[in-house]
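1. Sharing a model that was predicted from the sequence below.
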Amino acid sequence: MGKAGVLLATITTTALISGCHAFESACPAVGQVSGVAVTVAAGYSQEVKTLHLKACQDGKCKEDTVDLVPGSVPVDLGCADDSRPDGACSATSKPDGTQRGLLELDTLGDSPIDVTASGSYANGKPLPPRTLHFEPKASYPFGEQCGRFVSASVVLDAAGLRQDR
């Protein structure tokens, strides 16, 4: 067999063997905090002074007053040199008028959950309690090989409590 034949046999064997091997891909070292994330909508956030959440799932409940912080959205500032794939790019954030908080849970599964929001208005009057029954979302943001993330997010506005998309 000549050099061309040996080269062809080597390439073919390598292709066949590599096609049968499951290559591992790296997963990011990202952890997930179990909990219910809440966003107080922009048109309603200035009216809310305190927010108390209660979450019940699979017979276990947890409740607490959540710390609310101003929400923001990312703003793309573009790239210094769009013609280069390794050009420097940047972004910043700007306030969006919302307030956000998190009620941490010991565990969060994908079974239905009941979330109740209460608290007080800025004028000191109590917020009417609002309850939502929904299923948390499960996703594989880094591929199935990297594990499943389960999230529960709600939005509170003047109309009530709804699941965040």
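-> Right, received. Where do you want to start? Numbering: from 1, shown residues only.

2. from here on, contacts and neighbour counts on C-alpha atoms
-> Fine.

3. So which residues of the protein form helices?
-> All helices of the chain, identified by DSSP state H, fall at 3-20.

4. Regarding it, what is its longest strand?
-> Criterion DSSP state E: the longest strand present in the chain is strand 89-104.

5. Could you give the separation of that one from the chain centroid?
-> In terms of CA atoms, centre = their mean, to the nearest Å, the centre of strand 89-104 is set 13 Å apart from its chain centre.

6. May I ask you to confirm that residue 122 is in contact with residue 45?
-> No. Using CA atoms under 8 Å as the test, residue 122 is too far from residue 45 to be in contact (9.6 Å).

7. more neighbours, these two?
-> Per other CA atoms under 10 Å, whichever of residue 122 and residue 45 has more neighbours is residue 45, with 21 against 14.

8. hmm, back to that, please list the outside residues in contact with the longest strand of the chain.
-> With contacts defined as CA atoms under 8 Å, 6 or more residues apart in numbering, strand 89-104 is touched by 33-43, 45, 53, 63-64, 66-80.

9. and what of stretch 119-134?
-> Contact with stretch 119-134 is made by 46-52, 112-118, 160-163, as judged by CA under 8 Å, 6+ apart.

10. so where do the strands sit in this protein?
-> Remark: strands assigned in the chain by DSSP E are 35-40, 48-57, 60-66, 69-79, 89-104, 113-121, 126-134, 137-139, 149-157, 160-163.

11. most tightly surrounded among those strands?
-> Of the strands of the chain, the one with the most neighbours on average (mean count of other CA atoms under 10 Å) is strand 35-40, at a mean of 22.

12. Can you tell me the strand partners of that one and which way each runs?
-> Neighbouring strands of strand 35-40 in its sheet, by DSSP bridges, are strand 89-104 (antiparallel), strand 149-157 (parallel).

13. what's the closest of the ones you listed to residue 29?
-> strand 149-157 (13.1 Å; CA to CA).

14. So what angle separates the directions of that closest one and strand 113-121?
-> Angle, strand 149-157 to strand 113-121, by axes from the mean of the first three to the mean of the last three CA atoms, to 10 degrees: 40 degrees.

15. I'd like the strands of the chain as TSV, with mean pLDDT appended.
-> Shown next, in TSV, are those (pLDDT from 0 to 100):
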stretch	mean pLDDT
strand 35-40	96
strand 48-57	97
strand 60-66	97
strand 69-79	92
strand 89-104	94
strand 113-121	97
strand 126-134	97
strand 137-139	91
strand 149-157	94
strand 160-163	96
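
16. Having no further points to raise, I will conclude here.
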